[in-house]
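S.K.: take this sequence and fold it.
(one chain, ligands or ions: 1)
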Amino acid sequence: MSDNHVHHHHSPLSEIDQRVNKLQNLLIEKGLINQEAMDELIDTYENRVGPQNGARVVARAWTDADYKSRLLRDATNAIREMGYEGRQGEHMEVVENTDSVHNLVVCTLCSCYPWPVLGLPPTWYKASSYRARAVSEPRLVLQEFGVELAPGVEVRVWDSTAEIRYLVLPQRPVGLEHWTAEQLSELVTRDSMIGVALVSKEPAV
Ligand code: FE
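M.R.: Here you go, the predicted model:
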């Protein structure tokens, strides 16, 4: 992605990608953005910061009751305590899934997303259909992602904004009581922290 500006004549880019590249090149030409700073930013959030951070936060909450209560009370600081902070993570809220409540996160306006714990948002998260339907028909959206909730479970939809970014604390799979936080963190997927998946006992691929 970061070197598309070099190869855009040969790569089968979509029309929208080509337009983004043209715009990016124009901004660089005009001196409005710096290509190196841009590449550094993209590399950071695509490769070095990602859902593995959020997964460690979740697994610690599952195995450390004090940490969990701090996380639910003051997510920003509890997450910072694990070393994850920065752009688009300045004000975090963690919402907990339980037997009676399932949480789903969306940004209805654009694509606000907690970068320090999840990296960059997936394409579908930014799509207008997800942004609209997560609010208007969340159960149907969840079904399409393969999440079947019991009829009595309440679905709560959280609209992330520039001010507040939400992270879902999924339910810990049962039957893994002897697992360490590190082992458990390998089961926690990006989608489960957005709320479009549950955490299963099978490790994420
Ligand atoms: Fe947004």
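
S.K.: so residue 18 versus residue 139, what's the distance?
M.R.: According to Cβ to Cβ, to the nearest Å, residue 18 stands 37 Å off from residue 139. Using the backbone N, CA and C atoms, a C-beta is placed for each residue, glycine as well.

S.K.: what does this protein have sitting close to the ion?
M.R.: 107, 109-110, 112 (Cβ under 5 Å from the ion).

S.K.: could you list every helix and strand that the biggest helix by length in the chain packs against?
M.R.: Counting by DSSP state H, the longest helix found in the chain is helix 15-29. With contacts taken as 3 or more Cβ pairs under 8 Å, 6 or more residues apart in numbering; DSSP states H and E, helix 15-29 sits against helix 4-7, helix 35-43.

S.K.: list the contacts of the residue most central in space within the chain.
M.R.: What sits nearest the mean C-alpha location of the chain, by Cα atoms, centre = their mean, is residue 118, with 4.1 Å. The contact partners of residue 118, by Cβ atoms under 8 Å, 6 or more residues apart in numbering, come to 50-51, 53-54, 167, 190, 193-194.

S.K.: out of these, which are inside helices?
M.R.: Using DSSP H, the contacts of residue 118 in helices are 51, 53-54, 190, 193-194.

S.K.: out of those residues, who's nearest the ion?
M.R.: Distance to the ion, by Cβ to the ion, is smallest for residue 194 among these, at 13.5 Å.

S.K.: what's around that closest one, how many residues?
M.R.: 29 (other Cβ atoms under 10 Å).

S.K.: and for it, nearest residue in space, chain neighbours not counted?
M.R.: Leaving aside its sequence neighbours, residue 194 sits nearest to residue 105 (Cβ to Cβ, 6 or more residues apart in numbering; 5.1 Å).

S.K.: circling back: the longest helix of the chain vs helix 35-43, what angle?
M.R.: Per axes from the mean of the first three to the mean of the last three Cα atoms, to 10 degrees, the angle that helix 15-29 makes with helix 35-43 is 140 degrees.

S.K.: buried set for helix 15-29?
M.R.: Within helix 15-29, the residues scored as buried using 16 or more other Cβ atoms under 10 Å are 20-21, 24.

S.K.: pLDDT and distance to residue 42 added to these, as JSON lines?
M.R.: Converted to JSON lines, the buried residues of helix 15-29 look like this (pLDDT from 0 to 100; distance: Cβ to Cβ, whole Å):
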{"residue": "20", "pLDDT": "76", "distance to residue 42": "12"}
{"residue": "21", "pLDDT": "78", "distance to residue 42": "13"}
{"residue": "24", "pLDDT": "78", "distance to residue 42": "11"}
